[in-house]
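Visitor: With the input below, show me the fold.
(one chain, ligands or ions: 1)
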Amino acid sequence: MATHTTEGERYLHVLAVPFPAQGHLTPLMRFCKLLLKHYQNRGSLRVTFLDFYPPNDSADHSFSFKFHHDRLLQRVRFPFPNFSQQLPSLQTFFDSLLCIESGLHQLIQFFNCHGLPVTCLVTDFMTTFPTQDVADKLGISRIALFTLSASRLLLINYASQNDTFSIEQVMDAINSTERRDEVFCDSVPGLPRLLNKDLPQFKHITDDTRTVWEFANRSWKACNSRAHAVVLNTFEELEPSACGLLSDDCDVPVYDVGLWIESLSGDTSTSMREEDERCIGWLDQQPTSSVLYISFGSTTMLSKGQFEALLHGVIDSKQRFLWVLRPGLIDDIDYCSASKEIISRSENRGFVVDWAPQLRVLSHSSVGGFLSHCGWNSTIESIANGVPILCWPYFADQHMNARFIVDEWRMGLQFKHTGEGGYLVESYEIETAIRSLMEGKEGSILRKNAHALKQKSSQCFESSGSSLLKLDALIKDMETSIQCGTVSSSSCKS
Ligand code: UDP
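Guide: This next block holds a predicted model:
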């Protein structure tokens with residue numbers, strides 16, 4: 001194996017700390033790979049990526065990895081006490097994150113003692129507490145990675161400034177179920193017209209809406225005053241107003257250097273579930289643009305009623321489909337019986353997996369549409385592959401993303417008539433929308449728009465492309481203002 005470090009060499013060593021959820025792990029790893037690729041010819045960059053795991057007992061609390069002086073990217077298994085996706089509320093989860101602080105200090109001390117000091121933290125916005133504190137205490141620069149849209153960050157920016165609108169107004173708009181279709185903001189700089197129902201809400205297993213808005217406010221205030229820079233997985237042509245305003249108005253530099261849509265496998269895989277590759281073989285046998293890909297991401301749950309309506313709609317549309325039926329996706333129905341029911345009614349037009357290699361699916365020529373919950377990663381993965389979207393948003397930023405997909409980028413459809421506060425769609429409505437997307441005139445216009453956006457997204461990284469220029473600026477910024485380390489073989493006892 002090639003040795004990448006030599007005694008005395010100057011380098012930048014990034015410690016990457018993700019927020020432990022599927023939609024956050026992947027963009028951080030993709031960003032690290034992007035940095036490594038663009039650093040290749042400029043100097044040395046090392047990345048150490050943390051992989052959280054729940055310790056077995058209170059004695060099992062040390063990080064473990066094979067230390068490679070010569071690897072550009074290495075991963076560290078790092079204990080996260082209380083780590084569980086099933087915590088009673090997000091507040092408990094945010095609180096439990098604080099306990100990684102002392103482990104981070106120890107790990108950084110370990111690297112100091114082994115001749116490869118950490119020179120920069122690149123950490124998820126959601127881990128601002130405690131990673132910003134660690135960075136400040138140790139005098140290390142921190143770059144915050146915001147894994148959602150620029151528009152979502154702009155919304156947080158406004159709420160934290162408390163002059164354009166306050167969290168109280170947001171809470172009032174979200175909780176007024178009878179005023180869901182009223183306009184929340186119409187002429188706020190950088191944002192499109194947003195309805196009350198478009199605002200990010202966090203009513204999932206518990207209602208964590210206020211908790212998350214307050215947490216985001218505090219995190220953003222800390223980032224905007226103490227981080228070295230903020231990076232976004234979006235690009236200027238996708239969200240021109242929000243990107244422009246953020247880079248003009250924030251106190252720290254904001255770099256929109258997306259889209260990073262690299263397929264991750266082997267040593268850099270971030271998948272929390274095993275991907276079922278068989279669906280690619282099945283897609284190979286389907287006609288071009290004939291398959292509707294159905295996935296609701298890693299956390300969204302459907303009620304039994306929603307599942308049944310969706311199943312009827314999909315079957316009655318007579319389209320081919322690939323459906324990700326994640327275990328736990330449907331309340332009250334177990335995976336086996338749901339998947340059997342889908343297959344038995346599909347007349348050989350459908351394929352079901354519990355987790356798909358989504359990027360490979362979306363880039364497959366047989367896929368013609370995506371029925372999606374509109375998580376930001378799914379949205380940009382669809383854009384990068386020119387696949388139009390049938391939007392079925394549930395919570396968090398998904399409604400806002402759907403607003404952009406439908407009204408701003410015109411590459412998707414939304415259901416028009418919904419019941420149960422927007423969460424129940426009639427099967428006939430689903431069937432009609434699927435047909436419009438997959439075979440109607442409207443669908444072909446949306447597909448064309450999606451293709452145009454795909455083109456724009458790939459031009460960003462061509463010479464003089466907006467993301468490439470900003471990435472260059474970010475790297476220059478890192479080179480000039482983040483103190484490099486010097487490789488040394490000296491070691492000390494930690
Ligand atoms: N994903 C996947 N296989 C699946 C479903 C989802 O690899 O079967 C990936 C998808 O490519 C995306 C992530 O999981 O990168 C989901 O992130 P997103 O922001 O779309 O939604 P979230 O899971 O955070 O709600």
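
Visitor: helices and strands around the longest strand belonging to the chain, which ones?
Guide: What stands out as the longest strand in the chain, according to DSSP state E, is strand 44-53. Where contact means 3 or more CB pairs under 8 Å, 6 or more residues apart in numbering; DSSP states H and E, strand 44-53 is packed against strand 10-17, helix 22-39, strand 73-79. C-beta here means a position set from N, CA and C on the backbone, and glycine is covered the same way.

Visitor: can you tell me which of the ones you listed comes nearest to I205?
Guide: Between I205 and those, the tightest spacing by CB to CB is seen for helix 22-39, at 16.3 Å.

Visitor: Alpha carbons only: can I get the closest one in PDB?
Guide: Presented in PDB, the C-alpha positions along helix 22-39 are these (Å, rounded to 0.1, in the frame of the first residue of the first chain):
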ATOM      1  CA  GLN A  22     -29.200   7.700   7.400                       C
ATOM      2  CA  GLY A  23     -30.000  11.000   5.800                       C
ATOM      3  CA  HIS A  24     -27.100  12.700   7.600                       C
ATOM      4  CA  LEU A  25     -24.300  10.000   7.300                       C
ATOM      5  CA  THR A  26     -24.300   9.800   3.600                       C
ATOM      6  CA  PRO A  27     -23.900  13.500   2.700                       C
ATOM      7  CA  LEU A  28     -21.100  13.900   5.200                       C
ATOM      8  CA  MET A  29     -19.200  10.900   3.700                       C
ATOM      9  CA  ARG A  30     -19.900  12.200   0.200                       C
ATOM     10  CA  PHE A  31     -18.500  15.600   1.200                       C
ATOM     11  CA  CYS A  32     -15.400  14.100   2.700                       C
ATOM     12  CA  LYS A  33     -14.800  12.200  -0.500                       C
ATOM     13  CA  LEU A  34     -15.300  15.400  -2.500                       C
ATOM     14  CA  LEU A  35     -12.700  17.200  -0.400                       C
ATOM     15  CA  LEU A  36     -10.300  14.300  -0.800                       C
ATOM     16  CA  LYS A  37     -10.700  14.300  -4.500                       C
ATOM     17  CA  HIS A  38     -10.200  18.000  -4.900                       C
ATOM     18  CA  TYR A  39      -7.300  18.000  -2.500                       C
END
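
Visitor: if we can go back for a sec, only C-alpha atoms, please: export the longest strand of the chain in CSV.
Guide: This file holds the C-alpha atoms of strand 44-53, laid out as CSV (Å, rounded to 0.1, in the frame of the first residue of the first chain):
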residue,chain,number,x,y,z
SER,A,44,-2.1,16.4,1.9
LEU,A,45,-5.5,15.8,3.4
ARG,A,46,-6.4,13.1,5.8
VAL,A,47,-10.0,12.3,6.9
THR,A,48,-11.0,10.4,10.0
PHE,A,49,-14.7,9.6,9.9
LEU,A,50,-16.6,8.6,13.1
ASP,A,51,-19.0,5.7,13.1
PHE,A,52,-21.1,5.7,16.2
TYR,A,53,-22.1,2.5,18.0
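
Visitor: for S271, helix, strand, or coil?
Guide: coil (DSSP: H, G, I helix; E, B strand; the rest coil).

Visitor: And it, its phi and psi?
Guide: phi -70, psi 130 (degrees, to the nearest 10).

Visitor: Might you report the residue contacts of it?
Guide: Q22, L264, W355 (CB atoms under 8 Å, 6 or more residues apart in numbering).

Visitor: Check the gap between whichever residue of the stretch 251-400 of the chain sits closest to the ligand and E237 for me.
Guide: Nearest residue of the stretch 251-400 of the chain to the ligand (CB to the nearest ligand atom) works out as G375 at 2.3 Å. Taking CB to CB, to the nearest Å as the measure, G375 falls 21 Å from E237.

Visitor: And for T209?
Guide: From T209 to E237 the distance is 32 Å (CB to CB).

Visitor: And these two? Which one has more around it.
Guide: Using other CB atoms under 10 Å, the more surrounded residue of T209 and E237 is T209, with 22 against 16.

Visitor: from memory the more buried one sits against L199, does it?
Guide: No: if you go by CB atoms under 8 Å, T209 and L199 don't touch, sitting 9.0 Å apart.

Visitor: what touches both of these two?
Guide: I174.

Visitor: what number of residues lie near L195?
Guide: Around L195 there are 18 residues (other CB under 10 Å).

Visitor: so who does it touch?
Guide: Neighbours of L195 in contact, by CB under 8 Å, 6+ apart: R180, D181, E182, V183, F184, R403.

Visitor: next one: M301
Guide: H204, G328, L329, I330, D331.

Visitor: re the thing from before, using JSON lines, lay out the contacts of L195 together with secondary structure and pLDDT.
Guide: Formatted as JSON lines, the contacts of L195 follow (DSSP: H, G, I helix; E, B strand; the rest coil; pLDDT from 0 to 100):
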{"residue": "R180", "secondary structure": "coil", "pLDDT": "89"}
{"residue": "D181", "secondary structure": "coil", "pLDDT": "91"}
{"residue": "E182", "secondary structure": "coil", "pLDDT": "95"}
{"residue": "V183", "secondary structure": "strand", "pLDDT": "95"}
{"residue": "F184", "secondary structure": "strand", "pLDDT": "95"}
{"residue": "R403", "secondary structure": "helix", "pLDDT": "96"}
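
Visitor: Relative to the ligand, how far out is P54?
Guide: 20 Å (CB to the nearest ligand atom, to the nearest Å).

Visitor: Contact distance from the ligand - what residues of the stretch 151-300 of the chain qualify?
Guide: Within the stretch 151-300 of the chain, the positions near the ligand by CB under 6 Å from any ligand atom are S271, S295, G297, S298, T299, T300.

Visitor: The fourth one and T209: what is the separation?
Guide: If I follow you right, that is S298. 20 Å.

Visitor: likewise the first one?
Guide: Shown here: S271 relative to T209, a distance of 29 Å by CB to CB.

Visitor: Just list the residues touching the residue of the stretch 51-200 of the chain at minimum distance from the ligand, thanks.
Guide: Relative to the ligand, the nearest point of the stretch 51-200 of the chain is T147 (7.6 Å; CB to the nearest ligand atom). By CB under 8 Å, 6+ apart, the contact set of T147 is F19, G23, H24, P27, L28, D124, F125, N233, W376, N377.

Visitor: are any of the residues you listed buried, and which?
Guide: Buried members of the contacts of T147, scored by 16 or more other CB atoms under 10 Å, are F19, G23, H24, P27, L28, D124, F125, N233, W376, N377.

Visitor: Tell me the one of those residues nearest E426?
Guide: Checking the buried ones among the contacts of T147 against E426 with CB to CB, the nearest one is W376 at 27.8 Å.

Visitor: And for that closest one, nearest residue in space, chain neighbours not counted?
Guide: Counting by CB to CB, 6 or more residues apart in numbering, L148 is the residue found nearest to W376 once chain neighbours are left out, at 4.7 Å.

Visitor: Now that neighbour, what are its backbone angles?
Guide: Main-chain torsions, L148, degrees, to the nearest 10: phi -110, psi -170.

Visitor: Do you know the pLDDT at L437?
Guide: We have a pLDDT of 97 for L437.

Visitor: thought it was touching I294?
Guide: No: contact criterion CB under 8 Å: L437 and I294 do not qualify, at 11.6 Å.
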